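Undergrad: Give the three-dimensional model of this entry:
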Amino acid sequence: HSWRFWDLETCSEILHQEGHSGPVYSITFHRDGSLLATGGLDSYCRVWDLRTGRAVLFLEGHLKSVLSCDFAPDGYHLGTGSEDNSCKIWDLRQHKSIYSIPAHNNMVTYCKFAGTPNNSMLLTASYDSTAKVWSHKGWMPLKSLTGHDNKVMCVDCSWDKKYIVTASYDRTFKLWTNKSIS
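TA: Residues are numbered from 1 along each chain as shown. You can find the predicted model right below:
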């Protein structure tokens, strides 16, 4: 239902904000620090202006809970992963979803952008025991990372895009090299 913004130096709360009708499950900062996005079990994503504390965008389109959200490196797009098995790419300037990716056969637990504004990719993780790598142009699948025996809960990429790491309910994490991704 709510989220809190903290000052780590003073260990004090700067802002406590409500806005979702269900628990908030995901939160991420915009790269410039002025915005924050939240994903909720109410199936919505909200973008907040940290200078005013107000919600500036209400992103509606998922059929089930939003479990993950991440700003793209270009700062103008946001990715959301949902229990509806899809990942959506939102254009923050147009205030709408521009791509709906039928990403997995089960809920999308995590979505993460990697790369630079001119050369980014999207990573997704799912309860279907896979993680996937998506190209920026048209959000086409580049690779399905299989090998876990249970739900894949999160995925991340090294800053140089040479490695991807996945973590799973099978009590393992896997490190994928660029050669295994290509």
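
Undergrad: E18: neighbouring residues, count only.
TA: 10 (other Cβ atoms under 10 Å). The C-beta positions use only the backbone N, C-alpha and C, and glycine is treated the same way.

Undergrad: Could I get the contacting residues of the closest residue to it other than its chain neighbours?
TA: Excluding the flanking residues, the one nearest E18 by Cβ to Cβ, 6 or more residues apart in numbering is S2, at 4.3 Å. Counting by Cβ atoms under 8 Å, 6 or more residues apart in numbering, S2 touches 16-20, 24.

Undergrad: Looking at pLDDT only, which of the residues you listed scores worst?
TA: Note: of the contacts of S2, the lowest pLDDT belongs to G19, at 81.

Undergrad: To what extent is it buried, counted in neighbours?
TA: That count, for G19 with other Cβ under 10 Å as the rule, works out to 17.

Undergrad: what separates the residue nearest to E18 from T166, distance-wise?
TA: S2 sits 30 Å away from T166, going by Cβ to Cβ, to the nearest Å.

Undergrad: just W139 next, same as before
TA: From W139 to T166 the distance is 19 Å (Cβ to Cβ).

Undergrad: The two: which is more packed in?
TA: T166 (23 against 18).

Undergrad: Quick check: that one touching K151?
TA: No. Between T166 and K151 there is no contact under Cβ atoms under 8 Å: 10.6 Å.

Undergrad: can you list contacts of stretch 61-71?
TA: Contacts of stretch 61-71 (Cβ under 8 Å, 6+ apart): 22, 25-31, 35, 37-45, 77-84, 86, 88, 97, 100, 107-113.

Undergrad: give me that answer again for 7 Å
TA: 25-26, 28, 30-31, 37, 39-41, 43-45, 78-84, 86, 88, 97, 107-113 (Cβ atoms under 7 Å, 6 or more residues apart in numbering).

Undergrad: buried subset of those?
TA: 25-26, 28, 30, 37, 39-41, 43-45, 78-84, 86, 88, 97, 107-113 (16 or more other Cβ atoms under 10 Å).

Undergrad: Next step: those residues restricted to strands.
TA: Counting by DSSP state E, the part of these found in strands is 25-26, 28, 37, 39-40, 44-45, 78-82, 88, 97, 108-113.

Undergrad: quick one: K179 is in a helix?
TA: Yes. Assignment of K179 by DSSP: H, G, I helix; E, B strand; the rest coil places it within a helix.
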